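Asker: test case, fold it:
(chains A and B)
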Amino acid sequence: ILNVEQSPQSLHVQEGDSTNFTCSFPSSNFYALHWYRWETAKSPEALFVMTLNGDEKKKGRISATLNTKEGYSYLYIKGSQPEDSATYLCAFASGSARQLTFGSGTQLTVLP
Amino acid sequence: GAVVSQHPSWVICKSGTSVKIECRSLDFQATTMFWYRQFPKQSLMLMATSNEGSKATYEQGVEKDKFLINHASLTLSTLTVTSAHPEDSSFYICSARDAGRGGPTDTQYFGPGTRLTVL
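Answerer: The predicted structure is shown next:
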């Protein structure tokens, strides 16, 4: 059973604050790491797919880094806005498997 | 693009009845669809991988006779919960992978999920 952990489980920040959270995954047999953003009552939305150690991806105010050797990825949000409030999920793909193993998510609430 | 719909969004049924959930890729063809289940405060757990035109592959511990999956076309997969019991109450969500691409870096596009409550 693959263990994918996300921390913190939830956090509240003020509008304008920058924040980050962590996804940790097995460092062996790594293939890809996915980040999703999931707003209540909507479909999870793909943010990033990361494959290479040291990868850094950016989409607007959201960015992510990847360390496959130590088995973690950080997601950063710069200048949080209320519309960033959502649950952020990471998912790990190992070897040649096409299945994803998900973490339980970080629930972000941005207070106006 | 890459929109996946799921129907119904919520359903309440009596114990012993069967419930069918549909997952459709609206603007792309999906040779592979996935069915997940999520219990409160837990992560999405893969139940089965559904391949168009062939039998689904179930994860360990998931009863294939309980959770019937049919993937008859490139845009539709269905999950039928047979003889539902209260312990089957959960959030069920599907995802689809674009047939035009290949590999574990593929993005899975998700439906909005179905909340099943069995009384």
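
Asker: kindly report the residues of chain B close to chain A.
Answerer: Counting by CB under 8 Å from any CB of the partner chain, the residues of chain B close to chain A are B:4, B:32, B:34, B:36, B:41-46, B:49, B:93, B:97, B:103-113. Quick note: C-beta positions are derived from backbone N, CA and C, even for glycine.

Asker: got a quick ChimeraX command for the buried subset of those?
Answerer: Typed into ChimeraX, the line below selects the buried ones among these, using 16 or more other CB atoms under 10 Å in any protein chain shown:
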select /B:4,32,34,36,43,44,45,46,49,93,97,104,106,107,108,109,110,111,112,113
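
Asker: how about the residues of chain A by chain B?
Answerer: Those residues of chain A that sit near chain B, judged by CB under 8 Å from any CB, are A:4, A:31-32, A:34, A:36, A:41-44, A:46, A:49, A:51, A:89, A:93, A:95-105.

Asker: check contacts around the closest residue to A:Thr68 other than its chain neighbours.
Answerer: If you skip the residues right next to it in sequence, A:Thr68 has A:Asn53 as its closest partner in space, 4.2 Å away by CB to CB, 6 or more residues apart in numbering or on different chains. If a contact means CB atoms under 8 Å, 6 or more residues apart in numbering or on different chains, then A:Asn53 has A:Leu66, A:Asn67, A:Thr68, A:Lys69 as its contacts.

Asker: so who does the second one touch?
Answerer: With CB under 8 Å, 6+ apart as the criterion, the residues that contact A:Asn67 are A:Asn53, A:Gly54, A:Ser73.

Asker: go again with 6 Å.
Answerer: When contacts are counted by CB atoms under 6 Å, 6 or more residues apart in numbering or on different chains, A:Asn67 is found next to no other residue.
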